[in-house]
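Engineer: Next input, structure requested:
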Amino acid sequence: MRRRAVVLVVVVLMAGLYVPVSEATGGGDHQGSLTTGEAVRVQPSEKSVLQATVTAEGVALNAGADCTNADLDITLTSVDAVREFGETTLLDGTVLGSFEQGTGLANYSGTFVGYGMPVSPDQPPGTIIGSYAYVGETPPSAATTGEFFIVYQCDTGLVLDSCYGPYGTCPQTAQEWQDQQAQAIPAISPLGIVLFAGLLAALGLGLLFWRRTL
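Structural biologist: Here you go, the predicted model:
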């Protein structure tokens, strides 16, 4: 009887000392792959030995994304990923939300629906928002990290552009995306302007001569 009592006391004490490492402490919306308040711990020995390998395979605007959040559905295959990042921006460079944290997608294959991307404050209809995320390591590199980007009109959900691939493939802000679009429009050289003006002048003279012959 005494031995049983001692064993019971030891079990009770051990149970009282147990604290879960990754238990969520809050509820609500997602930020990245985690529920708000959830913590992910990576042992220093693991961080120093393991190297993440993340392949970004697709990205889509989440069905619930609007002018209050820019959530993504990201498709990836990850091995030993440890960190994740997210940032939402406007065309003028304003940052609406940003985070960098441990990831819940350490070893994952498939589509994670609802990767949380905060937008604060809520934006008016018609606003263009850029939603950028990466999963892998911080600092990121093409060898360890996959990235995802979408730019869209917040009230209609119209996706203007999307991108995914190894880190360094995509624009990271709406402003950077806008600048890339502007650079993609070919500029008219001075010679081209002169030739175009000459063509207009020739057409004008030809039209004048045609009227005089009538």
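Engineer: Just list the residues touching Leu105, thanks.
Structural biologist: Taking Cβ atoms under 8 Å, 6 or more residues apart in numbering as the criterion, Leu105 is in contact with 33, 76, 78, 81, 84, 112, 135. All C-beta spots, glycine's among them, are computed from the backbone N, C-alpha and C.
Engineer: How about the last one: which residues does it bridge to?
Structural biologist: Pointing back at Val135 there. Listed beta-bridge partners, Val135: Glu84, Gly146 (assigned using DSSP bridges).
Engineer: ok, now which ones touch it?
Structural biologist: Neighbouring residues of Val135 by Cβ under 8 Å, 6+ apart: 33, 54, 56, 74, 76, 78, 81, 83-85, 103, 105, 145-146.
Engineer: Of the contacts of Leu105 - the most surrounded one?
Structural biologist: The most crowded member of the contacts of Leu105, judged by other Cβ atoms under 10 Å, is Val135 (32 neighbours).
Engineer: quick one: low-confidence parts of the chain?
Structural biologist: Counting by pLDDT under 70, the ranges of the chain that qualify are 1-28, 37, 39-50, 185-198, 200-214.
Engineer: mind checking the SS state of Ser78?
Structural biologist: Ser78 falls in the strand class when you classify it by DSSP: H, G, I helix; E, B strand; the rest coil.
Engineer: Quickly find the element holding Gln175.
Structural biologist: Following DSSP states H and E, one finds Gln175 within helix 174-184.
Engineer: just the CA coordinates of that helix, formatted as CSV?
Structural biologist: The C-alpha coordinates for helix 174-184 follow below in CSV (Å, rounded to 0.1, in the frame of the first residue of the first chain):
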residue,chain,number,x,y,z
ALA,A,174,2.7,46.6,-54.2
GLN,A,175,5.0,49.5,-55.0
GLU,A,176,7.7,47.3,-56.3
TRP,A,177,5.2,45.5,-58.5
GLN,A,178,3.9,48.8,-59.8
ASP,A,179,7.5,49.9,-60.6
GLN,A,180,8.1,46.7,-62.5
GLN,A,181,5.0,47.2,-64.6
ALA,A,182,6.1,50.8,-65.5
GLN,A,183,9.6,49.5,-66.5
ALA,A,184,8.0,46.9,-68.7
